[in-house]
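Novice: Sequence plus the predicted model coming up.
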Amino acid sequence: MLESVISRFDVPGKLVRSGRFGSGLINDTYLCEFNGGGPVRKYILQRINVSVFRHPDQVMRNVEIVTAHIQDRLRKKGVNDPWSVTPGLVRTINGRSFHRDGEGSFWRMFHFIETGVVFDAVQGPEHACEVGRGLGMFQELVSDLPPGKLHDTLPGFHHTPVSLRELDEAVKKDSAGRAAEAKEEVRFADRRRALAPLLIDEMKLGRVPVRVVHNDPKVNNVLVHRETGKAVCMVDLDTVKPGIVLFDYGDCVRSATNPAGEDAEDLGKVRLDPALAAAITRGYLREAGAFLTPKEIELLPVSVKVITYELGLRFLTDHLRGDTYFRIAYPGHNLRRARVQFRLLESIEEQEEKLAEAFRE
């Protein structure tokens, strides 16, 4: 079946190899290699998870708009081959941005960025700085793209009050019969309800602007150059839509500054590293500082707490619902993930003064 799907895309040469690629939790991703008589060319093929992205045609329209805009900006900056440094779609033989197979699955293909490499965990302060730069670079490149041009493909995504409300509903319904084993985590979330509206209220009051944002800026979505280590671009654009940059920055810090990782077995090792947080912030503001408002900059430290809380809510909710959103490796995986996020939030709370000082520096 995979070869049949690949044949629908306008790629020169003969397919010589294809196989699973990456560690993403949502879509099915494959690396495809073609030989056209010269060097082997690589492409990324993905099947969109329609259980998560219920309007894949809108997702692809957003991806088309954003990739075209970034490529245009890069050309104006003097980059002759934007596809070598930012995701570029491969059209189907019918000229479309995606292929829909006979079973209703949506497939799309990107040019593979040969110089880029990703890491699942931050490799040190220099890498952390480049992860921050990668996010800032992306946001700067789309800072002049009107957010109204994009579909809101995930209503309620990165809307913390909605995440809290969904947890309340999941606890009440207890459809998978798991509420009893998660009582401690539910109580933890309940005690921190005041965190939920902190960023959304600022947006509703118009004190922070709505922009085009990535919405999933974790470490392994930032490509760095395999030789220089410098940020190349951001990948995984499915969640790009209108939003506020605070969730992007906060999620970037959250995902990069816990050395134990999101699946840590020993909760005692889960913590936020202030030095890594400072490095990310330096890199981020180097690229994004020119367009951010003073209010956005003021709220950056708060955003780390809010997004960590929100992701813990989402993992816990998915566990209670029977693991319907995030892909799991074993029973109880999402409950483990929730516990890691809540322990990380405790670490942030314990170090607030130190983190504030690191941010000021």
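Specialist: Received the coordinates, thanks. Numbers count the residues shown, from 1 in each chain.
Novice: buried stuff in the longest helix anywhere in the chain?
Specialist: Longest helix in the chain, counting residues (DSSP state H): helix 294-321. Neighbour-count burial for helix 294-321 flags 296-297, 299-301, 303-321 (criterion: 16 or more other CB atoms under 10 Å). For every residue, glycine as well, the C-beta is placed using N, CA and C.
Novice: hey, where'd the helices end up in the stretch 1-150 of the chain?
Specialist: 2-6, 56-76, 125-141 (DSSP state H, counting those that start in this stretch).
Novice: Pick the most buried one from the ones you listed.
Specialist: With neighbours defined as mean count of other CB atoms under 10 Å, those peak in mean count at helix 125-141, which reaches a mean of 24.
Novice: Which elements pack onto that helix?
Specialist: Using 3 or more CB pairs under 8 Å, 6 or more residues apart in numbering; DSSP states H and E, the elements in contact with helix 125-141 are helix 56-76, strand 222-225, strand 231-234, helix 245-256, helix 274-288.
Novice: Pull out the CA atoms of it and give them to me as CSV.
Specialist: The C-alpha trace of helix 125-141 is given here as CSV (Å, rounded to 0.1, in the frame of the first residue of the first chain):
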residue,chain,number,x,y,z
PRO,A,125,23.1,25.1,26.9
GLU,A,126,24.3,25.8,23.3
HIS,A,127,21.7,23.4,21.9
ALA,A,128,19.0,25.0,24.1
CYS,A,129,19.9,28.4,22.8
GLU,A,130,19.5,27.2,19.2
VAL,A,131,16.2,25.6,20.1
GLY,A,132,15.0,29.0,21.3
ARG,A,133,16.5,30.6,18.2
GLY,A,134,14.6,28.1,16.0
LEU,A,135,11.3,29.1,17.6
GLY,A,136,12.1,32.8,17.4
MET,A,137,13.1,32.4,13.7
PHE,A,138,9.8,30.7,12.9
GLN,A,139,7.7,33.3,14.7
GLU,A,140,9.6,36.2,13.1
LEU,A,141,9.1,34.7,9.6
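Novice: list the helices and strands the helix or strand that comes right after it packs on?
Specialist: Per DSSP states H and E, the first helix or strand lying C-terminal to helix 125-141 is helix 160-173. With contacts taken as 3+ CB pairs under 8 Å, 6+ apart, helix 160-173 sits against helix 183-191, helix 198-204, helix 294-321.
Novice: most centrally placed residue in this protein?
Specialist: residue 216 (1.5 Å; CA atoms, centre = their mean).
Novice: got the contact list for that residue?
Specialist: Residue 216 is in contact with 236, 238, 239, 251, counting by CB atoms under 8 Å, 6 or more residues apart in numbering.
Novice: re earlier: may I see the helices and strands packed on helix 160-173 arranged in CSV, with mean pLDDT as well?
Specialist: Compiled in CSV, the helices and strands packed on helix 160-173 are given as follows (pLDDT from 0 to 100):
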stretch, mean pLDDT
helix 183-191, 98
helix 198-204, 97
helix 294-321, 96
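Novice: In a markdown table, list the ones you listed along with distance to residue 174.
Specialist: Formatted as a markdown table, the helices and strands packed on helix 160-173 follow (distance: least, CB to CB, whole Å):
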| stretch | distance to residue 174 |
| --- | --- |
| helix 183-191 | 11 |
| helix 198-204 | 27 |
| helix 294-321 | 7 |
